[in-house]
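Participant: Fold the following, please.
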Amino acid sequence: MKKWLLLLAVLLLVGYKAVQLQHGKQAGNNNTPPATTAEQVQGQPPEQDAAKNELTVHVTENQIHEGDLLLVNRDIPVPAGEPGSEAVELYRHKELLNGFGLLNNTIRLSPSLAEKFSAMVEAAAKDGVNHFMISSGYRDENQQKELYREKGADYAMPAGYSEHNLGLSLDIGSTLGEMRTAPEGKWLTANGWKYGFILRYPKDKSAITGTLFEPWHFRYVGLPHSAIMAEHHFVLEEYLDYLKQQKTISVTVEGRKYDIFYYPIAGDKTIHVPLTGDYDISGNNTDGIIITVQS
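Facilitator: Numbers count the residues shown, from 1 in each chain. The predicted model follows:
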């Protein structure tokens, strides 16, 4: 009898432990999410990851005619409006006159362009080149008409077709002599691109630009565009055609990586650029925009 009672007690104890074990498994299942849920928590859906790695840029058709890369020549006029209206008379702003002189008191530049020019002149001074002078900057249409009437088509552009009406160009001289032989002219030709400036009308590109050699006329386009133009010996017409052909360009300048994208524009639209980073937008003044992303 005692044996049967002992056996019964053992059976009851084993059954109780089994119930506890099964209950524990169920509790564990209730507290642990399924494997698919765990995977969803670890990462977002692929389309959201892709969205995090691109720029969404809303552009208008007007932006074709805004920016530092606008093409202006004998065939393509300055955009309507007053693109250089922020220009000021430099002699009234002594804080902008750093390391260079003025031919007269009529010279006008935008403060931002004057500051960029000053930074370049400061760099030249470190190389012992320090006799710069600005002989012309921004001109309004009336000033351009007067110059065209005085000098004629061999020397000046008609009003509305000169880069000086755009506000991104300046004529630079040297107090030591003509720019084609002066140290200032040689230094700018060799180094201006490092500061975003290009010699707009080189001697061997007259057939493309439609303008004779002007060793004094420099145009601001900004980095990295000036670096690419210097490397390939492009004038602005050639560079903009190159962008349209390539569509995308990647370049590293002084340790900084840039990706450049060309997009044709017809009306307002949203553009998805396949990169993120600081970016600039410029139109080409004809049919598209250039987005430059620095990463």
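Participant: Who are the contact partners of residue 210?
Facilitator: Going by Cβ atoms under 8 Å, 6 or more residues apart in numbering, residue 210 touches 73, 74, 75. Placement of C-beta: from N, CA and C, glycine included.
Participant: Buried among those? Make that a ChimeraX selection.
Facilitator: In ChimeraX, this line selects whichever of the contacts of residue 210 come out buried by 16 or more other Cβ atoms under 10 Å:
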select :73
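Participant: which among the contacts of residue 210 gets closest to residue 93?
Facilitator: Ranked by distance to residue 93 (Cβ to Cβ), those are led by residue 73 at 30.3 Å.
Participant: wouldn't residue 130 be in contact with residue 101 here?
Facilitator: No - in this structure residue 130 lies outside contact range of residue 101 using Cβ atoms under 8 Å: 10.6 Å.
Participant: higher neighbour count, those two?
Facilitator: More crowded of residue 130 and residue 101, by other Cβ atoms under 10 Å: residue 130, with 18 against 13.
Participant: Roughly how far does that one sit from residue 183?
Facilitator: Look at residue 130 and residue 183: by Cβ to Cβ, to the nearest Å, they are 9 Å apart.
Participant: show me where pLDDT drops low in the stretch 51-200 of the chain?
Facilitator: 51-52 (pLDDT under 70).
Participant: tell me which element residue 259 is part of?
Facilitator: In this structure, residue 259 sits in strand 256-264 according to DSSP states H and E.
Participant: neighbouring strands for that strand, and are they parallel or not?
Facilitator: Applying DSSP bridges, strand 256-264 is found paired with strand 248-253 (antiparallel), strand 288-294 (antiparallel).
Participant: got CSV for those strands, with mean pLDDT and mean neighbour count too?
Facilitator: Converted to CSV, the strands paired with strand 256-264 look like this (pLDDT from 0 to 100; neighbours: other Cβ atoms under 10 Å):
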stretch, mean pLDDT, mean neighbour count
strand 248-253, 97, 14
strand 288-294, 97, 20
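Participant: Format the ones you listed as a markdown table; extra columns: distance to residue 219.
Facilitator: Output for the strands paired with strand 256-264, formatted as a markdown table (distance: least, Cβ to Cβ, whole Å):
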| stretch | distance to residue 219 |
| --- | --- |
| strand 248-253 | 18 |
| strand 288-294 | 16 |
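Participant: Mind checking those strands for the one nearest to residue 151?
Facilitator: Taking Cβ to Cβ, strand 288-294 is the member of these nearest to residue 151, at 32.9 Å.
Participant: That's all I had, so thanks and see you.
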